[in-house]
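Novice: Got a sequence here, can you model it:
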Amino acid sequence: MARIQPLALEAADPTTATTLQAVKTKIGMVPNLFATLARAPAALNGYLALADALSKGQLNARQREIVALTVAQANQCQYCLSAHTLIGKGAGLSEDAIRDARAGKSSNPQDHAIAVLASKLVKQQGNLSQADLNTAHAAGIDDGLVLEVVVNVAFNVLTNYTNHVAETDIDFPVVQMAL
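Specialist: Residues are numbered from 1 along each chain as shown. So this is what the prediction gives:
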């Protein structure tokens with residue numbers, strides 16, 4: 001059972017209820033993570049605004065899912081791992097690509113560089129060496145894309161940490177942490 005209970009749509013203030021209803025209309029459900037964030041409407045609105053902004057960046061949906069899976073595995077967030085496994089399949093990731101992303105790698109050179117960068121950002125707490133940046137640059141990741149990966153990692157750390165604190169009940173097909 002969750003330590004922080006998701007906010008029921010009918011218990012939300014009118015503005016938050018409208019936001020949650022828009023989520024439900026868009027994706028067909030209100031995931032427990034969103035309903036949990038709704039306990040702090042500023043957190044929910046910030047999350048949704050950042051998600052929208054990142055969807056318009058250089059990383060495509062598949063690459064954003066690679067980052068999400070890499071970060072969820074590194075942070076041991078079963079909720080996010082379960083959610084992004086399903087979302088990743090919808091974004092075109094195969095079972096092998098999902099497994100690779102969880103391990104911080106990919107068979108595609110650019111996707112591999114993105115996964116490695118995301119993994120290093122988590123494991124090194126954002127402290128990249130010049131060699132790390134040089135490796136990313138050599139793989140075609142320019143400074144703008146480096147920064148976009150940083151923000152995508154931070155975005156996923158936000159949800160990982162929220163789920164750790166809240167012990168959010170998983171409302172996606174459950175994926176085990178072990179690879």
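Novice: Which of the three states applies to the nearest residue in space to Glu10 that is not next to it in sequence?
Specialist: Leaving aside its chain neighbours, Glu10 sits nearest to Ala17 (7.6 Å; criterion: Cβ to Cβ, 6 or more residues apart in numbering). All C-beta spots, glycine's among them, are computed from the backbone N, C-alpha and C. Per DSSP: H, G, I helix; E, B strand; the rest coil, the secondary structure class of Ala17 is helix.
Novice: you'd agree Ala17 is up against Leu9?
Specialist: Yes. Counting by Cβ atoms under 8 Å, Leu9 is a contact partner of Ala17 at 5.9 Å.
Novice: Quick one: residues contacting Ser55.
Specialist: Counting by Cβ atoms under 8 Å, 6 or more residues apart in numbering, Ser55 touches Ala61, Arg64.
Novice: Now do it against His112, distance only.
Specialist: Distance of Ser55 to His112, given as Cβ to Cβ, to the nearest Å: 22 Å.
Novice: follow-up on the earlier one: number of residues surrounding the residue nearest to Glu10?
Specialist: 16 (other Cβ atoms under 10 Å).
Novice: How about the one 3 residues further on?
Specialist: As a burial measure, the neighbour count of Leu20 was computed by other Cβ under 10 Å and equals 23.
Novice: just the one 4 residues further on next, same as before
Specialist: Using other Cβ under 10 Å, Lys24 has 14 other residues around it.
Novice: Check Ile27 too.
Specialist: By the criterion of other Cβ under 10 Å, Ile27 has 11 neighbours.
Novice: pLDDT score assigned to it?
Specialist: pLDDT recorded at Ile27 is 95.
Novice: what residues are up against it?
Specialist: Taking Cβ under 8 Å, 6+ apart as the definition, Ile27 has no contacts.
Novice: distance of it from Leu48?
Specialist: 12 Å.
Novice: didn't Leu48 look like it was pressed against Thr18?
Specialist: No. If you go by Cβ under 8 Å, Leu48 and Thr18 don't touch, sitting 12.0 Å apart.
Novice: more crowded one of the two?
Specialist: Using other Cβ under 10 Å, the more surrounded residue of Leu48 and Thr18 is Leu48, with 15 against 11.
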